[in-house]
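Chemist: Structure for the following, please:
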Amino acid sequence: MGLYPLDEERQAAVDKIRKRVIENIGRNMDLYGIPVSTGHLYGLLFFADKPMNLDEMGQEMKMSKTSMSTGVRTLLDYKMVHKVWEKGSRKDLYEVEYDWYQTFFDFFDIKWRKSVESNIHILKKSVDEMNRLMKDHHEDELLIAVLQQDVSRIKEAVAYYEWLDRLIDTFVSGEIFKLVPKEPPGE
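Modeler: Okay, the predicted model is just below:
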């Protein structure tokens, strides 16, 4: 029973609306590489009146405890849910992070930072290899021309990833809100 008990008809109306939102959350998370079922799990926890354990989630979603555990682990890794302690409960309880801005920032930082760092590393390593190749074959004008063009392109890519890294920093630091406030200015 929920925090505010409703009669069957009103509860059915609320459940229908919630289901639509939960389905949409699942589709949106799929765009970010998170399974739809994990998105549905996040939606379930979003509307929960209290923290839930894996058994409760599994019952509600008609999924196995293993599937629930995998989904919760994914959500924990992206800081979209967190464990909570409740007196008298011996099972792990979970609730969502309700600050969607922070959830986005954490997800963006975790997913994109790793990608940025990996790409910058590979690109810079490639430039070093190309420079060595140009040095070793300095008499081969055609090879030098091809490599110089590639180095130029790669340096543009590195500049992009360094910009993206700075963009991520603006999210993590909260500086982004100076450019794009959370709420529109008052009229």
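Chemist: Quick one: neighbours of residue 135, just the number.
Modeler: When neighbours are defined as other CB atoms under 10 Å, residue 135 has 9 of them. (Glycine included, C-beta is placed from N, CA and C.)
Chemist: quick one, domains of this structure?
Modeler: Domain ranges of the chain: 8-97, 101-179, per automatic domain parsing.
Chemist: Mind putting the ones you listed into TSV with mean pLDDT?
Modeler: Formatted as TSV, the domains of the chain follow (pLDDT from 0 to 100):
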stretch	mean pLDDT
domain 8-97	91
domain 101-179	94
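Chemist: ranking these by burial, who's on top?
Modeler: Mean neighbour count, computed with mean count of other CB atoms under 10 Å, is highest for domain 8-97 among the domains of the chain, reaching a mean of 16.
Chemist: That one: how far from the chain's middle?
Modeler: Averaging C-alpha positions (CA atoms, centre = their mean, to the nearest Å) puts domain 8-97 16 Å from its chain's average.
Chemist: Kindly check the end-to-end length of that domain for me.
Modeler: End-to-end span of domain 8-97 (CA to CA, to the nearest Å): 29 Å.
Chemist: and the helix or strand harbouring residue 73, what does it pack onto?
Modeler: Using DSSP states H and E, residue 73 falls within helix 65-77. Counting contacts by 3 or more CB pairs under 8 Å, 6 or more residues apart in numbering; DSSP states H and E, helix 65-77 packs against helix 36-47, helix 54-61, strand 81-84, strand 93-96.
Chemist: packing partners for the longest helix anywhere in the chain?
Modeler: If you go by DSSP state H, the chain has its longest helix at helix 100-136. Packing contacts for helix 100-136, counted by 3+ CB pairs under 8 Å, 6+ apart, involve helix 141-173.
Chemist: Counting by contacts, list what the helix it packs on packs against.
Modeler: Against helix 141-173 (3+ CB pairs under 8 Å, 6+ apart) you get helix 100-136.
Chemist: Can you tell me the closest non-neighbouring residue to the spatially most central residue of the chain?
Modeler: For the chain, the residue nearest the mean C-alpha position is residue 107 (3.0 Å; CA atoms, centre = their mean). Among residues not flanking residue 107 along the chain, residue 78 sits closest, at 4.9 Å (CB to CB, 6 or more residues apart in numbering).
Chemist: quick one: contacts for the one you found?
Modeler: Residue 78 is in contact with 34, 103, 106-107, 110-111, counting by CB atoms under 8 Å, 6 or more residues apart in numbering.
Chemist: Report the two members of these separated by the largest distance.
Modeler: The span of the contacts of residue 78, defined through CB to CB, is set by 34 and 106 at 13.1 Å.
Chemist: For this structure, list the residue farthest from the centre, please.
Modeler: Distance from the centre of the chain peaks at residue 139, with 48.9 Å (CA atoms, centre = their mean).
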